[in-house]
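Student: show me the folded form of this:
(one chain, ligands or ions: 1)
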Amino acid sequence: MQFVHDTLAQRVRFASGAAAEGLAAEVAALGARRVMVIAGASEEKPAERITAGLPVAHRHHEVVMHVPVEVADRARAAAVERDVDALVSVGGGSTTGLAKAVALTTGLPIIAVPTTYAGSEATAVWGMTENSVKTTGSDPKVLPRTIVYDAALTLTLPVELSVASGLNALAHCVDSLWAPRADPVNQALAIEGAWALGVGLPLVAAEPDALEGREKALYGAYLSAAAFASAGSGLHHKICHVLGGMFNLPHAQTHAVVLPYVLAFNAPGVPGAEQRLAAALDAPSASEGLARLCERLRAPRSLRDLGMPADGIADAAQAVVAAAPAGNPRPVTLDAITDLVRSAWEGTDAP
Ligand code: NAD
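Tutor: Below is the predicted model of the structure:
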């Protein structure tokens, strides 16, 4: 066995119902005296509650999906004007993303309190949009110093969003098995993450008000993001990035639709990992485990239903082949990717 593995330096606190205590301890540890709290409109109330004991200098509520640059600029200006010394973000990937945009130019430390399963809190990747074009980059400055996970804050996330967001997290696990920097450490995180999501998401769907499923799903979401942050972006994420950009498809739902097809395509190239994923999903094969899970969760089935036009398949396949990551376990040919995208568009059973 030979590998080189980078671990991102970050503290993770995990305790349901304890976000306020966790935040107080982390802000004190940073010695921060002027905190900027970033939370979108729907997270405003819980954010106020869990940050009531902090030295808050500014509350920022303008959060927009995919972080438009003008939104980032206003948040950055507010941070400078109010002379803040730490950022606390309370929300999903869009909120964490805005905090990262502020940290990128100011160097301010972030304490992230995630309320979805997106996983941005565990990566050093930032993203911003300008004129509908999304730019991403990686910078250690934007990695939150601490994540405060409190599953009670996810109880309000509607089931449909929870399922889509959770399958997005599962996609981080699966893609980590063959991504460019896949190694035994991030594979271990990915397999444990897949197990936790496989157990947690059906519980969330069945009993959205119960903490047990929420805790497992959130734990799985963290592991999935830590695996993905280390392994990098594999074929699945390249496909979703191309499709999302070309046809403006919804982020998490696109992942949910495409994942079974990429798994069916790549699984024969990684037999050892496939077996471990199958065991994690408690099924004879990984593909069968994923199909059963998607069925139980009533996950979205086809790209057609998400609004992708049929005449976009050929162009999309070409763009995917051009963007395919080096070292994919199976050759990424135009014929194979055209078949894959067409099957996902139709929503036919993955092979
Ligand atoms: P989101 O943050 O846009 O949230 C989706 C919706 O859910 C919003 O309306 C939000 O207000 C609402 N919401 C959030 N938490 C809630 C809760 N607990 N209860 C009720 N409603 C709640 O969506 P997301 O899927 O979390 O994040 C997607 C964004 O994150 C995308 O822009 C994606 O590119 C980015 N992302 C980045 C990384 C990274 O590493 N940089 C990783 C994953 C996702």
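
Student: got a list of what the nearest residue to Gly269 once chain neighbours are set aside touches?
Tutor: Counting by C-beta to C-beta, 6 or more residues apart in numbering, Gly269 lies nearest to Pro329, which is 2.8 Å off, once chain neighbours are set aside. In this view, the C-beta of every residue, glycine as well, is placed from N, C-alpha and C. Each residue near Pro329 by C-beta atoms under 8 Å, 6 or more residues apart in numbering is listed here: Trp178, Asn266, Gly269, Val270.

Student: what's the burial count for the last one?
Tutor: The local packing count at Val270 equals 19, with neighbours defined by other C-beta atoms under 10 Å.

Student: tell me the secondary structure at the nearest residue to it once chain neighbours are set aside.
Tutor: Closest residue to Val270 apart from its sequence neighbours, by C-beta to C-beta, 6+ apart: Pro329 at 5.0 Å. The three-state label given to Pro329 by DSSP: H, G, I helix; E, B strand; the rest coil is coil.

Student: circling back: can you select the buried ones from the contacts of Pro329 in ChimeraX?
Tutor: Buried members of the contacts of Pro329, identified by 16 or more other C-beta atoms under 10 Å, are gathered into one ChimeraX selection as follows:
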select :178,266,270
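
Student: in helices, which of the contacts of Pro329 appear?
Tutor: In helices, judged by DSSP state H, the following of the contacts of Pro329 are found: Asn266.

Student: can you put the contacts of Pro329 in a markdown table and add pLDDT and distance to the ligand?
Tutor: Converted to a markdown table, the contacts of Pro329 look like this (pLDDT from 0 to 100; distance: C-beta to the nearest ligand atom, whole Å):
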| residue | pLDDT | distance to the ligand |
| --- | --- | --- |
| Trp178 | 95 | 19 |
| Asn266 | 97 | 21 |
| Gly269 | 95 | 25 |
| Val270 | 95 | 23 |
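
Student: got the contact list for Arg304?
Tutor: Ala310, Trp345, Glu346, Gly347.

Student: scratch that, Val71
Tutor: If you count contacts by C-beta under 8 Å, 6+ apart, then Val71 has Glu62, Val63, Val64, Leu98 around it.

Student: ok, the contacts of Arg304 vs Thr156, which is closest?
Tutor: Taking C-beta to C-beta as the measure, Thr156 lies nearest Gly347 of the contacts of Arg304, at 30.2 Å.

Student: count the neighbours of that closest one for me.
Tutor: Neighbours around Gly347, by other C-beta under 10 Å: 17.

Student: in space, what's closest to it - neighbours in sequence excluded?
Tutor: Nearest one to Gly347, counting by C-beta to C-beta, 6+ apart, is Ser302 at 2.8 Å.

Student: try Ala319
Tutor: That would be Val242: by C-beta to C-beta, 6+ apart, it lies 4.6 Å from Ala319.

Student: hang on, that neighbour packs against Val320?
Tutor: Yes. Val242 is in contact with Val320 according to C-beta atoms under 8 Å; the separation is 5.1 Å.

Student: who touches Pro325 in this structure?
Tutor: Here Pro325 is in contact with Ala179, Pro180, Gly232, Ser233, Gly234, Leu235, Lys238 (C-beta under 8 Å, 6+ apart).

Student: tell me which helix or strand the last one sits in.
Tutor: Pointing back at Lys238 there. Here Lys238 sits within helix 235-247, counting by DSSP states H and E.

Student: in the protein, where's the longest helix?
Tutor: The chain, longest helix under DSSP H: helix 184-206.

Student: list the buried residues for stretch 139-149?
Tutor: For stretch 139-149, using 16+ other C-beta under 10 Å, the buried residues are Val142, Leu143, Pro144, Arg145, Thr146, Ile147, Val148, Tyr149.

Student: so what's Ala267 up against?
Tutor: Taking C-beta under 8 Å, 6+ apart, one finds Glu274, Ser285, Ala286, Ser287 in contact with Ala267.

Student: filter the residues you listed down to the buried ones.
Tutor: Buried among these by 16+ other C-beta under 10 Å: Glu274, Ser285, Ala286, Ser287.

Student: in space, what's closest to the first one - neighbours in sequence excluded?
Tutor: Leaving aside its sequence neighbours, Glu274 sits nearest to Ala267 (C-beta to C-beta, 6+ apart; 4.4 Å).

Student: same question, the third one
Tutor: Closest residue to Ala286 apart from its sequence neighbours, by C-beta to C-beta, 6+ apart: Leu277 at 4.0 Å.

Student: for the second one, same thing?
Tutor: Leaving aside its chain neighbours, Ser285 sits nearest to Ala278 (5.1 Å; criterion: C-beta to C-beta, 6+ apart).

Student: cool, and the last one?
Tutor: Spatial nearest neighbour of Ser287, excluding adjacent residues (C-beta to C-beta, 6+ apart): Ala264 at 5.1 Å.

Student: wait, the one you found touches Pro351, no?
Tutor: Yes. Counting by C-beta under 8 Å, Ala264 does reach Pro351; the two are 4.9 Å apart.
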